[in-house]
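Engineer: Sequence and predicted structure, then a few things I'm wondering about:
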Amino acid sequence: MKFTSFIISSVFLISGTLAQQEGTMPPTTVAAQGSASYSCDPQACKLSNGCLCASKNPPNGLSPADTPQFVTVTFDDSIQPQLYKTAKKMLNVTNPNGCPGRGTWYVSMQYTDFSLVQQWYSSGNEIADHTFTHVGSPSDQEILSCREMLNQYGGVPNGKIQGFRAPFLNYTQETLNHLSKLGFLYDSSASALTDDAYWPYTLDHGMANDCWTGICNSNNKIPGLWEIPMYTVLDNVSTPQLMDVYIAGQPEDVTKWSLAAFEKHYQGGRQPFGIYVHPTHLTGYPGLPDPAPKLDGLVSLIKTLAEKPDVWFVTNQQLLQWMKNPVKASELGKQDYMKCGLPVIPKEICNGLDDDNNASVDDGLLNNCNFGTTTFNTCFNCPSTAPSLNMPTPSTAAQNGSVGFRYPLPNNCDTKWWDPIGNQCLCTSTECQYKDTAVPVNRTIGTNGVVSNGSGSSNSANGMMIQPIQFIFGIASFVAFFNL
C-alpha cells in the first residue's frame, strides 16, 4: 500500500513538473506588437456602466500614492493534502487590517480532495475553475464539469466560482466566449510584460494582452468579462518569467528579480503584482530532490513584501471588488470584502472549519469516496460511480432519507453555515454571528496614515539550469502551449 502511494505521489509530481512549465517564458515581442490593434475610449468606457479600458494607471483617477499595492498569490491544478500545506505556508502573512492574506486556487478535478476545496473556500480564499481534465483551449463541457464538481463535492456556491485560468495558459477567443456564455466574471490567462502591464480591464473593447497570438485582432468584444493579466518577472538576462519563477534560478537570484519587478509596480502605477505557482513543484516527495530551499526562498520573498506599507495579499475576486469601486489604501481595510471573521457555531458541522475548536476540521464527519484511481473526501454524498467529463456529478450512492445521506448546498445558504447532515442552514438572516479574527499589526505607516487594525465588528453574513527531466517536460509543455 505504501509502495502504491509512493508511485501515485510520483505520478502526481511528474504531472506537476509538466504543468509548472506552463507559460514560463512568454514571447519578448508581445509589447512590440502590443496593443496597436486595441482601442478603447475611457470617456465612453466607464466603471459606472461596468466598463474599464486597459490602462497602466490606477482606476478612477486615483494617484499611485493613494492606491493599495495588491499582491495576488495563485495556485494551479489539483488540491491534495501536502499541496494544501505548501499553499498555507506560503500565505502565512497578515494584511494591514490584521486579517490573513488570501489567495486563489485554480482547481482541476483529477486527484483533487474536495474536503480541502471546502476548507480553502471556508477559510476566506477563492476557488476558481481550471477545467475537468486540464486541457488547453477547453470546451464548454470541460469548464462546466469542473464548476459542477466544485459545487457538488466541494460545497463552493455556484455564485462564488467566478474565475477561470486556462491550462497551459492556452486559451483562444472561443475560450473567452465560453466563459461569457457560462456566466463567469473573469479570466486570468493572459501574460503581461512591462509595456502591456495593465491593470485588470473589461473586454468590452477586446483583449489588450497576448497580441502576438492574434487575439487582439479578432475584434471580438465581450462586454462585462474581465481580464486579470499575469505579470512577468525579468530574469538576469531580461528573459520574462511568468509561472513558477523559482525554477529559473537559485532562490537568491529569484528573490532579486522578483523584488525588482515588484518595485516597478510599487514605485510606478501600482499595478497588482502576481506570484503564480504550481505547488506540486514546491512539495517534497520521497526519492526526489528536496524543494525546501525554493519554497523557503519564496516564503521569505512573500514575507518581505508583506512588510511594506500599503501591501495587501488578496484573491482575484477581492481585487475585482476593489476595481469596481476603487477606494484609497487608507480606506481598504474598512471594506466588507476585506474583513475577516469565522461563523460562531456551537457544534461541529461538516463545513470546512473547526467549529468546536478542537484543532480538527470536520472531525469524523467526512465521507470517503473510493473508486480505485479516483479517491476523494467530501462533506457531501459520494457519487455512485466515478465522476467523468460527461457525467461529473453522477447519482448519489446514498438515497434521500436513508442513513448517511447528505443534503446538497442550497442556493440561499453559504457553505460555512450549511449542515449537510442535519439539512439545516444555520444562518438565515443578515444578522448572523461572526467572530472577528483580525489580529493587531505593527507595520510601518504608509503615505496614507495608519490603516485601522481589526476587521471591525461584522455581523454580516457576507541563466537557467534545467535538469534533463525538466527539459523534456518543458519541450512537451511548449508544444502544448502553442497548440502544435
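Structural biologist: Arrived safely, thanks for sending.

Engineer: can you pull the buried residues of the helix or strand containing Ser330?
Structural biologist: In this structure, Ser330 sits in helix 329-332 according to DSSP states H and E. By 16 or more other CB atoms under 10 Å, the buried positions in helix 329-332 come out as Ala329, Ser330, Leu332. For the C-beta atoms, the positions are set from N, CA and C on the backbone; glycine is no exception.

Engineer: Could you tell me how far the second one is located from Ala306?
Structural biologist: In other words, Ser330. Distance, Ser330 to Ala306, by CB to CB, to the nearest Å: 18 Å.

Engineer: so what does the helix holding Ser330 touch, helix or strand wise?
Structural biologist: Counting contacts by 3 or more CB pairs under 8 Å, 6 or more residues apart in numbering; DSSP states H and E, helix 329-332 is packed against no other helix or strand.

Engineer: which element follows it toward the C-terminus?
Structural biologist: Next along from helix 329-332, by DSSP H and E: strand 341-343.

Engineer: Show me where the stretch 101-250 of the chain has its helices.
Structural biologist: Listed in chain order, the helices of the stretch 101-250 of the chain (DSSP state H, counting those that start in this stretch) span 114-122, 140-152, 173-181.

Engineer: Name the stretch among those helices that sits most buried.
Structural biologist: Of all the helices of the stretch 101-250 of the chain, helix 114-122 has the most neighbours on average by mean count of other CB atoms under 10 Å, namely a mean of 25.

Engineer: hey, C-alpha coordinates of it in PDB?
Structural biologist: Extracted in PDB, the C-alpha atoms of helix 114-122 (Å, rounded to 0.1, in the frame of the first residue of the first chain):
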ATOM      1  CA  PHE A 114     -12.900  18.100  -2.300                       C
ATOM      2  CA  SER A 115     -12.800  18.400   1.500                       C
ATOM      3  CA  LEU A 116      -9.800  20.600   1.000                       C
ATOM      4  CA  VAL A 117     -11.600  22.600  -1.700                       C
ATOM      5  CA  GLN A 118     -14.200  23.400   1.000                       C
ATOM      6  CA  GLN A 119     -11.500  24.200   3.600                       C
ATOM      7  CA  TRP A 120      -9.800  26.600   1.300                       C
ATOM      8  CA  TYR A 121     -13.000  28.400   0.400                       C
ATOM      9  CA  SER A 122     -14.400  28.400   4.000                       C
END
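
Engineer: quick check: angle from it to helix 140-152?
Structural biologist: Counting by axes from the mean of the first three to the mean of the last three CA atoms, to 10 degrees, helix 114-122 points 80 degrees away from the direction of helix 140-152.

Engineer: what's in contact with helix 114-122?
Structural biologist: Applying CB atoms under 8 Å, 6 or more residues apart in numbering, the external contacts of helix 114-122 come out as 79-81, 84, 87, 105, 107, 127, 149-150, 153-156, 160, 351-353, 361-362, 366, 376-380, 415-416.

Engineer: Out of these, name the ones that lie in strands.
Structural biologist: Judged by DSSP state E, strands contain the following of the contacts of helix 114-122: Trp105, Val107, Ile127, Phe376, Asn377, Thr378.

Engineer: count of neighbours near the third one?
Structural biologist: Spelled out, it's Ile127. Using other CB atoms under 10 Å, Ile127 has 27 other residues around it.

Engineer: doesn't Ile161 make contact with it?
Structural biologist: Yes: Ile127 lies in contact with Ile161 (CB atoms under 8 Å); the separation is 6.3 Å.

Engineer: Which neighbours do those two have in common?
Structural biologist: Listed as contacting both Ile127 and Ile161 by CB under 8 Å, 6+ apart are Leu150.

Engineer: Could you list the low-pLDDT ranges of this structure?
Structural biologist: 1-36, 218, 443-484 (pLDDT under 70).

Engineer: For the residue nearest to the spatial centre of it, list each beta-bridge partner.
Structural biologist: Centroid-nearest residue in the chain, with CA atoms, centre = their mean: Thr104, separated by 2.0 Å. Judged by DSSP bridges, the bridge partners of Thr104 are Thr74, Glu126.

Engineer: Cys425 too?
Structural biologist: As for beta bridges, Cys425 partners with Trp418 under DSSP bridges.

Engineer: That one: neighbour count?
Structural biologist: 15.

Engineer: Also Glu227?
Structural biologist: Residues within reach of Glu227, counting by other CB under 10 Å, total 24.

Engineer: That one: what's it in contact with?
Structural biologist: Contacts for Glu227 (CB under 8 Å, 6+ apart) come out as Tyr186, Asp187, Ser188, Ala190, Pro200, Tyr201, Thr202, Leu203, Met207, Ala208, Asn209.

Engineer: what do you get for Ala398?
Structural biologist: If you count contacts by CB under 8 Å, 6+ apart, Ala398 has them with Asn381, Cys382, Gly404, Phe405, Arg406.

Engineer: can you pull the contacts of the fourth one?
Structural biologist: The neighbours of Phe405, taking CB under 8 Å, 6+ apart as the test, are Asn381, Thr396, Ala398, Gln399.

Engineer: Kindly recompute the last result at 7 Å.
Structural biologist: The neighbours of Phe405, taking CB atoms under 7 Å, 6 or more residues apart in numbering as the test, are Asn381, Ala398, Gln399.
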